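okay, here's the prediction I keep looking at, along with the sequence it came from:
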Amino acid sequence: MTGKKVLIVDDEIHIVHVVAIKLRNNGYEVISADNGAEAYELACKEKPDIIVTDFQMPVMTGLELVEKLRQHQETKDIPVIMLTARNFAIPKEQQEELRISDCLSKPFSPKELLGNIEDVLYQKQVMVSN
Amino acid sequence: MRLRRILYAIVTLIVASSLFVGGLAEWQSYGLLTEDSGTQEGWRYAGYVQRIPLVSVCCVVGAVGVICLGWYQLRLAGAVTSIATLLQDDKAGAIGDRKRFFAPLRMTKIDELYQAISKHFAGCTARIAKYEKQIKDLQVQIQLSQRRGKNTEAIIYSIRDAVIVIDESDRLLMANEMAGRLFNFDFNNSQHKPVSELIGPDQSEFVDFLTRRRQSKGQATRKELEFLEDGTPKTFDCIVSCVYDQGRQVCGAVAVLHDVTREKEISKMKSDFVSHVSHELKTPLASITAYAEMLADGEADDEQTRKEFYSVIQSQAQRLNRLIENILNSSRIESGLIKANKEPASLTMLIEEQLQMIKGYAEEKKVEVIGQKPIVFDQVYVDKDMIQEVIVNLLSNAVKYTPSGGSVKIEIEVDEGASLVRVSVIDTGVGIPEDEIEHVFDKFYRVGANKKQAKGTGLGLNLVKQIVEKVHDGRVFVTSQVGIGSTFGFELPLATRQGSRSVVKIVDSKRIVR
């Protein structure tokens, strides 16, 4: 998966930083945003292969970002992994409806996140090749 | 009595007979009834002759009169007998066996009748007394019943919940003021009107619920319903119970509507709080675990990166600790378990220390922070750590909600007249809507419009209020205009007012022991 572009969205700069280091160390290209609105603009412009976003953010939440991404042709197929520090999980139906590939609860392991990103990108690749 | 009546009857007969016989004898003695009554001899007593008819007539009239009197007496006695017969059933049996006409002649019975009548009247008196007592009891019961009815009405009218009572035809029987206000009708003009006519179609869900519960004749049922009260949406917990008569038949239904809007808000605030706290606690923890894992996995290539990672872990651990302290302090102050170590301190100095701490954050956000030159005497008697917590909370809030390019200014005033110091933190931030200002110091409350502006737990301002008002006998205040900015501040008594109090003050939720 070397060379794939990952958009990391979180208002916690330390989280963005650590995930970025982990991904860059594993050959990924990383771009970042600290809220949903900025992430949407960046997604339209940069067309990342996958988006890792926090759930709760100022200006535009992670869910609002995904809803907006799914409404537009250019961004509707970008896989999304959601990070959440909330005390409840996102309902399965909502995940399926918004085509959220995976949800990880904070605190999370960067290794686990990397593994999930690779799985999602692999599934996407298989689907495209089929 | 009996003998006297017999004698009276005999004497009446004798007198009447004597008068009659005397009259006839008088007439005969003057030859009026003899054969020679028409001779000269017969007329020699002319004076007597002239007197004869008068005497005879008088005698006859007298006799007739006496007989009439006797007859009247007998009739009177007969009437008394009849009355007594009617009055007393047992005597009626005895007397009824005889002919009423002759009954009075038996004078012994008159005594019995007299006794019967006396007894009857005595019985009547007793019965009247009994009836009077019963009437009084009934009057008391009526008064009690009326009082109970009025009490019930008063209670129903005094209830802050809306109460509506309908009969078996779904017509309004009773409603209190709250119900009238909620459903917009006047009870005095609405009694016995169908409830479906009184309550508008927009509240038909309630009418359906009420009438269906009455028809079902089941147990009390509750439902949460939304209504508009003075244009504001409110949530009501509606409980409908059937009303039963003495024969256990359903004769109506009563609905009690309790406004749970505030409870719902608090519940939502608590839920939001748990969610926010979870987020706030997990976020630094996520950084700590991620950086620790990276270090453990050797992902930090050089010493510089490793130091950076250690520094992040340290700062995030401190952040986590601060948050936990905030939550615990808020609970401790509320429950009266915290101890305040009070000592004289200069507010200007305390503020200056916090200004230095906040400047980094303000510069990062490109917000200008303007301090104030020291005031000569602004000594207060406070727990320094707590007041620093208050100042940092107000300053960081101001910076957090002020857009880049804005400013945060802190002012200190000494009011010697009132013997207090006033601290104001004035920002050019987003401001707070007027209807939300009164809630900003509530626990867990976050201004709806500003939730997306920045993160928070809704604990900071509540902690400020508790520290200032509960621990230091001060006062917090706020003014705000949307789009222009807000001023948050507090007042504390000057140290001179407090004299030499002991250092430790134990704060209790109900009393303060010094």
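Yes, it's here.

tell me what the helix or strand hosting B:S287 is packed against?
B:S287 belongs to helix B:261-296 when elements are defined using DSSP states H and E. Helix B:261-296 is packed against helix A:13-25, helix A:110-129, strand B:232-244, helix B:303-335, with contacts defined by 3 or more C-beta pairs under 8 Å, 6 or more residues apart in numbering or on different chains; DSSP states H and E. C-beta: built from backbone N, CA, C; applies to glycine.

residues from chain B in reach of chain A?
Counting by C-beta under 8 Å from any C-beta of the partner chain, the residues of chain B close to chain A are B:274-275, B:278-279, B:281-283, B:285-291, B:293-294, B:297, B:299, B:305, B:312, B:316, B:452-455.

now those: which count as buried?
B:275, B:278-279, B:281-283, B:285-291, B:293-294, B:299, B:312, B:316, B:452-455 (16 or more other C-beta atoms under 10 Å in any protein chain shown).

and B:L173, helix, strand or coil?
In three-state terms, and counting by DSSP: H, G, I helix; E, B strand; the rest coil, B:L173 is strand.

do you know how far it is from chain A?
Taking C-beta to the nearest C-beta, to the nearest Å as the measure, B:L173 falls 46 Å from chain A.

ok, for that residue, nearest residue in space, not its chain neighbours?
Leaving aside its sequence neighbours, B:L173 sits nearest to B:V165 (C-beta to C-beta, 6 or more residues apart in numbering or on different chains; 4.4 Å).

can you report how many residues lie near that neighbour?
Neighbour count of B:V165, defined by other C-beta atoms under 10 Å in any protein chain shown: 18.

so what's it bridging to?
B:M174, B:V254 (DSSP bridges).

what is the mean pLDDT for the helix or strand A:A37 falls within?
Assigned by DSSP H and E, A:A37 falls within helix A:36-46. Averaged over helix A:36-46, pLDDT sits at 93.

low-confidence ranges, the stretch 151-300 of chain B, go.
Of all residues in the stretch 151-300 of chain B, none has pLDDT under 70.

tell me which residue is most central in chain A.
Within chain A, the residue whose C-alpha comes closest to the C-alpha centroid is A:V52; the distance, by C-alpha atoms, centre = their mean, is 1.9 Å.

next, the buried residues of stretch A:62-77.
Neighbour counts over stretch A:62-77 (16+ other C-beta under 10 Å) mark A:G62, A:L63, A:L65, A:V66, A:K68, A:L69, A:R70, A:T75 as buried.

what does that stretch contact?
Contacts with stretch A:62-77, where a contact means C-beta atoms under 8 Å, 6 or more residues apart in numbering or on different chains, come from A:9, A:36, A:39-40, A:43-44, A:47, A:51, A:53-56, A:60, A:78, A:80, A:82-84, A:90, A:94, A:98-100.

if you set the cut-off to 6 Å instead, what comes out?
Stretch A:62-77 is contacted from outside by A:G36, A:A39, A:Y40, A:A43, A:C44, A:T53, A:D54, A:F55, A:V80, A:M82, A:L98, using C-beta atoms under 6 Å, 6 or more residues apart in numbering or on different chains.

need the pLDDT of the nearest residue in space to the third one that is not next to it in sequence.
Ranked by C-beta to C-beta, 6+ apart and with sequence neighbours excluded, the top spatial neighbour of A:Y40 is A:K68, at 5.4 Å. Each residue has a pLDDT score; the one for A:K68 is 94.

and the gap between A:K68 and chain B?
15 Å.

what angle do the helix or strand harbouring that residue and helix A:36-46 make?
Using DSSP H and E, A:K68 sits in helix A:62-70. Interaxial angle, helix A:62-70 versus helix A:36-46 (axes from the mean of the first three to the mean of the last three C-alpha atoms, to 10 degrees): 30 degrees.

off-centre distance for helix A:62-70?
Offset of helix A:62-70 from its chain centre (C-alpha atoms, centre = their mean, to the nearest Å): 11 Å.

which elements pack onto the next helix or strand after that helix?
Next helix or strand after helix A:62-70 toward the C-terminus (DSSP H and E): strand A:80-84. If contacts are counted by 3 or more C-beta pairs under 6 Å, 6 or more residues apart in numbering or on different chains; DSSP states H and E, strand A:80-84 sits against strand A:50-54, strand A:100-105.

recalculate using a threshold of 10 Å.
strand A:5-9, strand A:50-54, helix A:62-70, strand A:100-105, helix A:110-129, helix B:261-296 (3 or more C-beta pairs under 10 Å, 6 or more residues apart in numbering or on different chains; DSSP states H and E).

as JSON lines, these with distance to B:D186 would be great.
Listed next are these as JSON lines, based on distance: least, C-beta to C-beta, whole Å:
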{"stretch": "strand A:5-9", "distance to B:D186": "58"}
{"stretch": "strand A:50-54", "distance to B:D186": "56"}
{"stretch": "helix A:62-70", "distance to B:D186": "48"}
{"stretch": "strand A:100-105", "distance to B:D186": "55"}
{"stretch": "helix A:110-129", "distance to B:D186": "66"}
{"stretch": "helix B:261-296", "distance to B:D186": "24"}
